[in-house]
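Participant: Below is the structure, and that's it, no one-letter string:
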RNA sequence: GCUCCGGUGGUGUAGUCCGGCCAAUCAUUUCGGCCUUUCGAGCCGAAGACUCGGGUUCGAAUCCCGGCCGGAGCACCA
C-alpha cells in the first residue's frame, strides 16, 4: 500500500496523523541551550599567525556571538613558555580584524598566573587536587593499571605543604594533579596534571614564574571566571573536555556546553604553523603571507575576501566529521563577491611588442572600455591606441585573425600583425578571436605572483596607475588579482583565481 | 595496542535525535546550449551521493548488530 493510501485508510479508521517535526532554520545550526547571555571565546596559543583552521573557530564563535547578541572573548593561551612566539601576540588580533571577528574582551593567560595559583590552592583545600612527586613513567604504569599513586592519599595539610615547596623544586620533581576517576575506562582521563614546574624564560613575563598551569587547568578556571557558556573546540579536545568536567564538578561550577568540530584540511596546503615557520626561516617561503601557505594573511594577500571565508565557515559549520576544503570552493565563493566589486583591466602576459602594419591613421585614437560591463555607471578606462602595442604570445597564432578589443582587427602573418579591418561586425564574420592588448608606450610593467609563488611578467594598461594597494581587479581573459605593491618600476599583483 | 568518534555526488553541506512528505536539499564543481567585443558574469539544461552486509519494520539515509574505511586522543603541548 502506498503511503498516501495508508494515510487515508488510517484517517477513515479514525487514527490521527503524527505531528510534524519542528522546522529548523537554515544555515548554521542553533547552539544547544542558547541562554539569554551567551559568552563564547576564541582561545589560540601564540605560535604564529592564524591559519584556515583557526578561521573556523574564530568565525563560528563570532557568528554565534552575533546571532545571540552575546559576547566574544579573545584569550591568548601562553602557559607554556617554550611554545610562545612573541610575533603572534600582534598577528592574531590583526588576522581577526581582517576576518571581521570582533572581540569584546581580550585576556592573556600569562597575566593571570596568580589567579591559577589561587585556584590551585583552593582545589587542594577541597580535596580536588594533590601534589604528586612520582616519577612520570612510574605514575603512568600505576595509572594504566587503575592504581592510585601513593601521593593521592596524602592529607590536605601535607599537600598544601608540598605545594609551597613546589616553588623551590626543580622541573619534573612534582606536579599538581586533579583527581578524576582512577578506574576511568579511558586511561587518558585518569588524574591529570594541573600545574608543573617550567624552568624556562617566558618571552612575555620573563622569569617571574617557575610554576605554570597546564592548559586543562587554566582553561577551566578561565572559562568559569569569564562566564563562558559555550565552548567551541576541535575534536582533538574531546578527552580534554571530559577531563575538565571533573574540575567543574570538584568546584561545584556549571559546566558549559562543549561543542566539538572535526578537522579541517585544505587541499594542497598541509602545512603546520611550525613547519611554515621553519620554511620561512630557511628562506623557502617569503614570509607568513607566502601564497603557498594556508595562513589567513596569505589568503588575504591573494585577494580572497574575508566575506568568502566567513561564508565558507558558516557552510562547514560545527560538524564533528572531518572535512577537506577545496580551493575551487573558496574561489567560487570569492568570485561571487569579486565579480561585482572588481573593475576590469587589460593585462598582457608573455608580451610581444608589435607595430601594426598598414594601420590607417584614422583608426588611431583613444579607446574607451567600461570599468565593469554590468555597471556602466562606473565609467570607462581610456586606452591610447596608436598602432604600437603589446600582445600576448599565447594569442599569436600564425594565420589567425585577432580582434583587439574595441580597436581593430589584425591578421597574424610571418610573426607580424597586419591591419585587416576595423569593425566588430567584420571581426565576427572573420571569426576573429577577441583579445586584450595594451599600448606599447604608456603601459605599466607588471608582475603577477601566482598561488605556487611563480611569477608572470607582463604589462598592464595605463589606467592601472590609478589603482590602490589592496584593490582587487579582474584582468580580462586572465583572472582576478590583487594589487600588492606599487613601485616606480611597475606594479606587482597577486593572483587570486580565474 | 587501548579509549572515543565519524562515514550523504569531485568538494562542502541539509536531512539522521523523533523511520514514511527523500526516486534525497543547497552551494561549489564539471559538461552542453544561449547570450556576451573577457576564457568573467548572466540565462537554460544536464551530470553526479546515502561505506558495505545482515537484522527490525508494511516502510530504513534515518533504528539495531557486524565488517570495511577514516579520524582524534592515549604528554609535566595547546
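Facilitator: Received the coordinates, thanks. This one's a predicted model, so the numbers in the text were calculated from it and none came from an experiment.

Participant: Contact residues of the stretch 201-350 of chain A facing RNA strand B?
Facilitator: The stretch 201-350 of chain A comes close to RNA strand B at residues A:212-216, A:235-240, A:262-263, A:315-317, A:319-326, A:328-329, A:331-333, A:335-336, A:339, A:344, as judged by CB under 7 Å from any atom of the strand. Any C-beta I mention is one placed from the backbone N, CA and C, and that applies to glycine too.

Participant: Which ones among those map onto helices?
Facilitator: Among those, the residues falling in helices (DSSP state H) are A:215-216, A:238-240, A:315-316, A:328-329, A:331-333, A:335-336, A:339.

Participant: Give me the buried entries from the residues of the stretch 201-350 of chain A next to RNA strand B.
Facilitator: A:212-216, A:235, A:237, A:240, A:262, A:316, A:325, A:331, A:333, A:335, A:344 (16 or more other CB atoms under 10 Å).

Participant: so which of these comes closest to residue A:277?
Facilitator: Closest approach to residue A:277 among those (CB to CB): residue A:215, at 20.6 Å.

Participant: where does residue A:28 land on pLDDT?
Facilitator: pLDDT, residue A:28: 75.

Participant: where along chain A do the helices fall?
Facilitator: Applying DSSP H to chain A gives helices spanning A:3-12, A:52-67, A:87-99, A:113-125, A:136-144, A:156-166, A:215-225, A:238-251, A:273-281, A:296-301, A:306-316, A:327-341, A:424-429.

Participant: still on that earlier bit, of all the ones in helices among the residues of the stretch 201-350 of chain A next to RNA strand B, which two lie farthest apart?
Facilitator: The span of those, defined through CB to CB, is set by A:216 and A:339 at 46.8 Å.

Participant: which non-adjacent residue is nearest residue A:45?
Facilitator: Using CB to CB, 6 or more residues apart in numbering and skipping the chain neighbours, the partner closest in space to residue A:45 is residue A:77 (4.6 Å).

Participant: do residue A:68 as well
Facilitator: Using CB to CB, 6+ apart, the nearest residue to residue A:68 is residue A:38, at 4.5 Å.

Participant: residues contacting that neighbour?
Facilitator: Listed by CB atoms under 8 Å, 6 or more residues apart in numbering, the contact partners of residue A:38 are A:31, A:64, A:65, A:68, A:70, A:71, A:229, A:230.

Participant: Of the residues you listed, which belong to strands?
Facilitator: Counting by DSSP state E, the part of these found in strands is A:71, A:230.

Participant: Would you mind listing the residues in contact with the residue nearest the centre of chain A?
Facilitator: In chain A, the residue lying closest to the centroid (CA atoms, centre = their mean) is residue A:52, at 2.7 Å. With contact set as CB under 8 Å, 6+ apart, residue A:52 has these partners: A:264, A:266, A:269, A:294, A:295, A:296, A:299, A:309, A:325.

Participant: So which bits of the stretch 51-200 of chain A are right by RNA strand B?
Facilitator: Residues of the stretch 51-200 of chain A lying near RNA strand B (CB under 7 Å from any atom of the strand): A:77, A:79-80, A:83, A:135-136, A:139-140, A:171-175, A:185-188, A:193, A:196-198.

Participant: confidence score at the residue of chain A found nearest RNA strand B?
Facilitator: Nearest residue of chain A to RNA strand B (CB to the nearest atom of the strand) works out as residue A:332 at 2.2 Å. On pLDDT, residue A:332 comes in at 95.

Participant: Please report the distance of it from residue A:308.
Facilitator: 9 Å (CB to CB, to the nearest Å).

Participant: now residue A:249
Facilitator: In this view, residue A:249 and residue A:308 are 43 Å apart by CB to CB.

Participant: Have a look at the two and say which one is more surrounded.
Facilitator: The residue with more neighbours, out of residue A:249 and residue A:308, is residue A:308; 20 against 12, by other CB atoms under 10 Å.

Participant: was I right about the more buried one contacting residue A:327?
Facilitator: No: shown here, residue A:308 and residue A:327 do not form a contact pair, counting by CB atoms under 8 Å, at 11.6 Å.

Participant: Sketch out the low-pLDDT regions of chain A for me.
Facilitator: For chain A, applying pLDDT under 70 flags the ranges A:1-27, A:34, A:270.

Participant: again, only this time at 90
Facilitator: A:1-37, A:135-138, A:140-150, A:182-188, A:265-275, A:415 (pLDDT under 90).

Participant: how's it carved up into domains?
Facilitator: Domain ranges of chain A: A:39-125+A:205-261, A:343-497, per automatic domain parsing.

Participant: Redo these as CSV? Include distance to residue A:148.
Facilitator: Shown next, in CSV, are those (distance: least, CB to CB, whole Å):
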stretch, distance to residue A:148
domain A:39-125+A:205-261, 15
domain A:343-497, 56
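
Participant: Can you say which of these is packed in most?
Facilitator: Highest mean neighbour count of those: domain A:39-125+A:205-261, a mean of 19 (counted as mean count of other CB atoms under 10 Å).
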